[in-house]
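Undergrad: Generate coordinates for the sequence data below:
(chains A and B)
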2 protein chains.
Amino acid sequence: MPIPSYLSLPPPLKTHFRGSGGEREEMPRLVETSFLSPSTAAAAIIRSATARLLLTAFTILLVLHLAISPPSKSTYHSLFLSFSNNATVARHLIALTRRPHVAGTPANAAVAAYVLTTLSSSSSLPAHSVLYDVFLTYPLGRSLILSPFPPPSPGPTLAFDLVQEIYPGDPYADVAKEVLPTFHAYACSGAAAGPAAYANYGRLEDFAALRAAGVNVTGAVVLARYGKIYRGDIIKNAKDARAAAAVVFTDAKDYGGGGRGRFPEGPGMPASGVQVGTTYRGIGDPTTPGWASARGCERWSAAEVAASGLVPAIPSLPVSARDGEAILRTIGGQVAADDWQGGEGAPLYRLGPGPGFLNLTYIGDETLATIENVFAVIQGEEEPDRYILLGNHRDAWTFGAVDPNSGTAALLEVAQRFGKLQKRGWRPRRTIILCNWDAEEYGLIGSTEWVEENREMLASRAVAYLNVDCAVSGPGFHASATPQLDELLKQASEKVQDPDNSSQTLYQSWIASNYSSLIGRLGGGGTDFAAFVQHVGVPSVDMFFGGGYPVYHSMYDDFVWMGKFGDPMFHRHVAAASIWGLVALRLADEEFLPFNYISYASELQRSAKILEGDALGLPVTFAPLYKSIKKLKKAATEIHNERKALERNFLSLNWRKDPLKVRELNDRLMMAERAFTDRDGLFGRVWYKHLIYGPSMQDDYGSKSYPGIDDAIEKAKSSNTSESCSFVQHEVWRAARAVTQAALVLNGKFT
Amino acid sequence: MPIPSYLSLPPPLKTHFRGSGGEREEMPRLVETSFLSPSTAAAAIIRSATARLLLTAFTILLVLHLAISPPSKSTYHSLFLSFSNNATVARHLIALTRRPHVAGTPANAAVAAYVLTTLSSSSSLPAHSVLYDVFLTYPLGRSLILSPFPPPSPGPTLAFDLVQEIYPGDPYADVAKEVLPTFHAYACSGAAAGPAAYANYGRLEDFAALRAAGVNVTGAVVLARYGKIYRGDIIKNAKDARAAAAVVFTDAKDYGGGGRGRFPEGPGMPASGVQVGTTYRGIGDPTTPGWASARGCERWSAAEVAASGLVPAIPSLPVSARDGEAILRTIGGQVAADDWQGGEGAPLYRLGPGPGFLNLTYIGDETLATIENVFAVIQGEEEPDRYILLGNHRDAWTFGAVDPNSGTAALLEVAQRFGKLQKRGWRPRRTIILCNWDAEEYGLIGSTEWVEENREMLASRAVAYLNVDCAVSGPGFHASATPQLDELLKQASEKVQDPDNSSQTLYQSWIASNYSSLIGRLGGGGTDFAAFVQHVGVPSVDMFFGGGYPVYHSMYDDFVWMGKFGDPMFHRHVAAASIWGLVALRLADEEFLPFNYISYASELQRSAKILEGDALGLPVTFAPLYKSIKKLKKAATEIHNERKALERNFLSLNWRKDPLKVRELNDRLMMAERAFTDRDGLFGRVWYKHLIYGPSMQDDYGSKSYPGIDDAIEKAKSSNTSESCSFVQHEVWRAARAVTQAALVLNGKFT
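TA: Residues are numbered from 1 along each chain as shown, chains lettered A, B, ... in the order given. Okay, the predicted model is just below:
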């Protein structure tokens, strides 16, 4: 469930797949090609890459050089970048996305086998799988019937077919039947009927606006559109507004392709396209909250899961733009505000409820299914007990060419380059673990169960976790990180070529894209870094090219879409693999961990200022927090200077003499992030231990800084009691104490 | 509040202070001697120690040997044992116990200054203080009036004077006025009146017996005797039984000296002696639950503290045996059972309530006071970031000759020996931290605030915490430990001479004392290891000679009592310092941490079996726990073999080559204990994070294994619902998961 689809559409591509323009005969003929043989598409890329000759020459020279002198770690890092190969990435993506592969299905087990084989055979890395039995849901039955007028009025009714249509010439037409019927994972099974009411993006403020307009949605079937918040929160908001059920559609205004047309002509979502996805508002297997879903483990009953309030309590269905508009045409009442309206050609949106009347049924198959995380491990030579983890998920709602297998293809590309480096004699200082997660789409289940199972081990050993979910959905590099990794990210991006303009570095295009803040933060619940950051406190990174894309979580997220619109030359995939691997290599190989906590302190200061603004008018002081940040900044500066001094010493003497000194400093850098977690967790959602970054209460996709303070401010503003204000102050104190603990750890001194 | 006074009295002493027998003129003339000059008592010891000549000769030989070859660590350890000096220990005890020194008073600040000076000057160790502002209470006003018949009956009333009497010739007579009026710390201020009722030891079963006998104590003033459970729990039980107030006395049967007479003639509590102490049922400063009481920090209000339920909600007073008996003489009604009766010469105990009627008043001064922890640090040479902590508290309810300054004297003895070792060239591999805590008596406050302040740092760096509270109250060695330290404790005791029989080792006398289980466990809340073990999961030890003693927490716990009854020759103090320091030295110096988790697994198995017996009849399986213990045992055996293999390698090669390999293994040994803690803590008392060892719900002094399971079983047995049985199973699962996490950490392998 990774990338929210409400980011802006990618601009028109600069490079195109074979000149682009609908030359569909060049698309991969999947049925004819053998499993691993390059498709014509990939072959075309290889043939077209004349630059490869030069590259090969460079590689030969490099190898000769290496044969003479023992290469330095940074030489290997350059070599890693030189290994880039867009043909193999494309081949991997084709192989990974031949069929829909939802978590817990045989199709996804087959993809796991492909990943395992590629890691162990073609990359020569020791690989293994870890299985969990987890609670998943699949659609058994669905129906949605629309009457223009409420019963018992006679009149025509429309039973939606809820089918995503195959387009003429679709190379995946044969396997399209394997795509699951459109549904919401963990939706509440049941039937509901009521007048249709329109609730815009289904946010709290949208329901508040309805109330303000005198529109009562009690007993109604709420129609909301995707695009601003996590769908699980839309349904919860509908339920809290006493709706009987929720229907969520992909409005053409947001998903139609923005003037560039609908797939296959343009990148937009076809009129019949449906965005499926999970509605679970927790993390990990809902039946094993806080512990691993090992076979035979303790497990909550369905009743306990329902009582947790984290799965929907009203039925829901996702529908297409076409079906959404059909419903809207039957909704009368007040005309919706301008920013609630659809795009060009859309009917006039009104609020209702009614007269249009909806009958909705959903029956889910709730079952324990086996999921499979795949790992490859490159043992560290000097510090095998320090881990750099690279993670991506494998399971997809449909074909998953963008989500997530562009990332899986990049992971395999990284693995193969690592394998080649090993053949040239490279041995990382620290252990590198490549992770391919399962069941992310259902609620980050594969990664979360594994983190829960290995929690204490990770807490004492994990240096960093580097996540890539959808590696590519278009141009434009995006990254989020815990802030001690900001500098490393920037430095690495200076070594990687911009995939869309070979005359500049990735860093140059990245800063030119001019986002308000260059690097995002990792409080959101949208992808697999969540357990690492928010449960254990592991410094982490998340990266991708592109962002939101219209066919997200629909049947059209396939290799054809990728080849035409996402990454025609697969240079972005290569760049994703390059920066991912380079960041990992620097973390794994450098004597001193490339962590900078000075930027962490600045970030904390910046976020505190913003929150202080939000709390304006409340009798709360942020002074304790500022004081603690000052301490952190001082400690960060001191450890920075300490490192410089040690490096100088090592240059003049023989640094090998005291590896424990290096280790001591590195341990402080590694453990400081852990100290931002508090064992008691966020109030009311104790699994979330990190007090600096956590998901927004209103939108699981949204990242909040100081989530505990933020929650408390929200509550204080709405209830306005002295108790609620004291609670804000308490949360400020808690955050301040966590920052102070981190400063002490970084300092390496006790009071 | 350390050692519960209900342990058996020490047997008659084998050695005596100058032949003993009341030669009181030999007692220290405190007023005349200068602060540091040896008292006559101490001088006598020096003169009498003819063995010192031989010792000096041995030391000279040893020094000569050291001058020739660089000494090994174990040579230093032998040297450490040879430095033993009972004269200096006695001198320290005299100096420390010249005046009563309750936490937060100038007298205790003066003792802190003495400790700081001794550490820094005479031991040449860098020492510093850490101050906290904590919530303490002192008695402002008290009264207790007894009428033989309830009002409005006329008749004589007796107002107890509540004074502990000075005996003729008491060398501390001058300073006795500085002893605080007898009180219960954190007692509820207020007045209460009601018929007196007798409740034996104030346990839950005692109140149940009263109910069964038809005795209703609602509105009564309950009289209970000390000796079986923590006084805070006695008062809570009285309150839960709806009593109006509680009076607790030291029954002569338990505290009178057991036929050997009352102090000063015998070791027993004088008839006017009163055991004071805290009644707080939490840990650390009650106004800062979970965080450090730094100046200006967040702080709970008095109302919030009261709402926590951890401070008494009814007034209470401690009284002497004489006052207790006076009250009992006025109680009529049913005759109490035989085991509720007093000793020889006591009146017949009846249950009441009434006709005797008590009016009780207590007014406490509730205040923020400054407390002072004193530290000395010996920086580790190779692993400065690994800590071995030795801790003892300094604050005393009165003079504190046993509790706690016998331990403080031993700490200073250890420090001086370490100082001497340093002069001979010894540098520990790891950092040693000597800790002298304040405000332990009020609720382990000094240690707890410091652990809370440095929690994250300790979690990543603390190897072990070694506690000594009352080092000596008589003969007989006792030790408790987290079980990976059992073997080390035994080995160390084999190197130390039995202080009461020079022909055998401490180990020989220890095992001969034939306790049902040689080494106790650290779940209790009675002394300063609690925060280390139960909040952070630091492997720990607690040790002492003697145990319960009659004058505990009374005015008579002074140097005279110690010199006559506790440790006339101060050999036990020396032995305490020897084993304490030796355990620390081995932990600080050995390449591989001397931790053995095989015994931990055996202990877990043993305790699980016992609990399984307790749960007999409940529909609960312990299979998950046994399975996890099996995993731990396997991991423990593997790491044991791994270490052996590494040691063999190191012998054949040059082990210096890879200190990181040693570190990796040691880190696993150190961090495995952390994994027994669960971040969510014990149900209903979340500060307690350790799932293997925690205090009993019924008696804060009592150590429980698997406290979460134990609590759940108690509840299930009393409520007998299917929900409560499921909860037992859930707690079994939680413990099993913690043990599994520990096994993974010990293994150093992830799934």
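Undergrad: Excluding chain neighbours, give the residue nearest to A:Ile598 in space.
TA: Distances taken as CB to CB, 6 or more residues apart in numbering or on different chains place A:Ala636 nearest to A:Ile598, at 4.5 Å, with adjacent residues excluded. C-beta: built from backbone N, CA, C; applies to glycine.
Undergrad: Mind checking what helix or strand follows whichever strand or helix holds the one you found in sequence?
TA: Using DSSP states H and E, A:Ala636 sits within helix A:623-652. Scanning forward in sequence from helix A:623-652 by DSSP H and E, the next helix or strand is helix A:659-674.
Undergrad: C-terminal to that following helix, what's the next element?
TA: That would be, after helix A:659-674 and using DSSP H and E, strand A:693-695.
Undergrad: chain center to that next one, what's the gap?
TA: Centroid separation for strand A:693-695 versus its chain: 14 Å, with CA atoms, centre = their mean, to the nearest Å.
Undergrad: Could you do stretch A:743-751 as well?
TA: 34 Å.
Undergrad: neighbouring contacts of it?
TA: A:597, A:628, A:631-632, A:634-636, A:638-639, A:664-665, A:668-669, A:671-672, A:674-675, B:130, B:385, B:433, B:450, B:453-454, B:456-458, B:460 (CB atoms under 8 Å, 6 or more residues apart in numbering or on different chains).
Undergrad: Out of those residues, which end up buried?
TA: Among those, those classed as buried by 16 or more other CB atoms under 10 Å in any protein chain shown are A:597, A:628, A:631-632, A:635-636, A:638-639, A:664-665, A:668-669, A:671-672, A:674-675, B:130, B:385, B:433, B:450, B:453-454, B:456-458, B:460.
Undergrad: Go ahead and confirm A:Trp450 touches A:Ala292.
TA: Yes: counting by CB atoms under 8 Å, A:Ala292 is a contact partner of A:Trp450 at 7.3 Å.
Undergrad: which neighbours do the two share?
TA: Common neighbours of A:Trp450 and A:Ala292 (CB under 8 Å, 6+ apart) are A:Tyr132.
Undergrad: residue contacts, the residue nearest to A:Ile598?
TA: Counting by CB under 8 Å, 6+ apart, A:Ala636 makes contact with A:Asn596, A:Tyr597, A:Ile598, A:Tyr600, A:Ala601, A:Leu746.
Undergrad: number of nearby residues for the last one?
TA: When neighbours are counted by other CB atoms under 10 Å in any protein chain shown, A:Leu746 registers 30.
Undergrad: Ok, the fourth one next?
TA: Each residue near A:Tyr600 was counted by other CB under 10 Å, and the total is 27.
Undergrad: Can you tell me the closest non-neighbouring residue to it?
TA: The shortest distance from A:Tyr600 to any non-neighbouring residue, by CB to CB, 6+ apart, is to A:Pro483 (4.1 Å).
Undergrad: so the one you found touches A:Gln605, yeah?
TA: No: here A:Pro483 does not reach A:Gln605: they are 10.8 Å apart, not a contact under CB under 8 Å.
Undergrad: between these two, which one's more packed in?
TA: A:Pro483 (25 against 15).
Undergrad: What parts of the stretch 401-550 of chain A come near chain B?
TA: For the stretch 401-550 of chain A, the contact set with chain B under CB under 8 Å from any CB of the partner chain comprises A:Ile433, A:Trp450, A:Glu453, A:Asn454, A:Arg455, A:Glu456, A:Met457, A:Leu458, A:Ala459, A:Ser460.
Undergrad: Among those, which are located in helices?
TA: In helices, defined here by DSSP state H, the members of those are A:Trp450, A:Glu453, A:Arg455, A:Glu456, A:Met457, A:Leu458, A:Ala459, A:Ser460.
Undergrad: Please identify which pair of those lies farthest apart.
TA: Maximum pairwise distance in these, criterion CB to CB, is 16.1 Å, between A:Trp450 and A:Ser460.
Undergrad: mind listing the strands for the stretch 51-200 of chain A?
TA: A:127-147, A:158-159, A:184-185, A:190-198 (DSSP state E, counting those that start in this stretch).
Undergrad: if I look at whichever residue of the stretch 501-650 of chain A sits closest to chain B, how far off is A:Ala742?
TA: Nearest to chain B, among the residues of the stretch 501-650 of chain A, is A:Pro624, at 7.5 Å (CB to the nearest CB). Here the distance between A:Pro624 and A:Ala742 works out to 14 Å (CB to CB, to the nearest Å).
Undergrad: which one of those two has more residues nearby?
TA: Neighbours were counted for A:Pro624 and for A:Ala742 using other CB under 10 Å; A:Ala742 has more, 30 against 20.
Undergrad: Give the full set of residues in contact with the closest residue in space to that one that isn't next to it in sequence.
TA: Of all residues not flanking A:Ala742 in the chain, A:Ala675 sits nearest, at 3.9 Å (CB to CB, 6+ apart). Contacts for A:Ala675 (CB under 8 Å, 6+ apart) come out as A:Gly537, A:Ala738, A:Gln741, A:Ala742, A:Leu744, A:Val745, B:Glu456.
Undergrad: Go again with 10 Å.
TA: Shown in contact with A:Ala675 (CB atoms under 10 Å, 6 or more residues apart in numbering or on different chains): A:537, A:632, A:691, A:737-746, B:455-457, B:459-460.
Undergrad: what's the answer for A:Pro154, then?
TA: A:Ser147.
Undergrad: what does A:Tyr230 give?
TA: A:1, A:4, A:202, A:236, A:277-279, A:281, A:524-526, A:695-696, A:698-702.
Undergrad: residue boundaries of the strands in the stretch 251-400 of chain A?
TA: A:277-278, A:316-319, A:357-378, A:383-393.
Undergrad: For the first one, what does the pLDDT average out to?
TA: The average of the pLDDT scores along strand A:277-278 is 98.
Undergrad: neighbouring contacts of that strand?
TA: Contact partners of strand A:277-278, identified using CB under 10 Å, 6+ apart, comprise A:1, A:5, A:136-137, A:182-187, A:226, A:230-232, A:248, A:311, A:318, A:397, A:439-445, A:552-553, A:700.
Undergrad: if we go to 7 Å?
TA: By CB atoms under 7 Å, 6 or more residues apart in numbering or on different chains, the residues outside strand A:277-278 that reach it are A:Met1, A:His184, A:Ala185, A:Tyr186, A:Arg231, A:Gly232, A:Trp397, A:Glu441, A:Tyr442, A:Gly443, A:His553.
Undergrad: least confident pick among the residues you listed?
TA: Across the contacts of strand A:277-278, the bottom pLDDT score, 47, is held by A:Met1.
Undergrad: Closest residue of the stretch 101-250 of chain A to chain B?
TA: Closest point on the stretch 101-250 of chain A to chain B, by CB to the nearest CB, is A:Val130, at 5.1 Å.
Undergrad: Go ahead and confirm that residue touches A:Asn373.
TA: Yes: A:Val130 is within contact range of A:Asn373, at 4.8 Å (criterion: CB atoms under 7 Å).
Undergrad: Having no further points to raise, I will conclude here.
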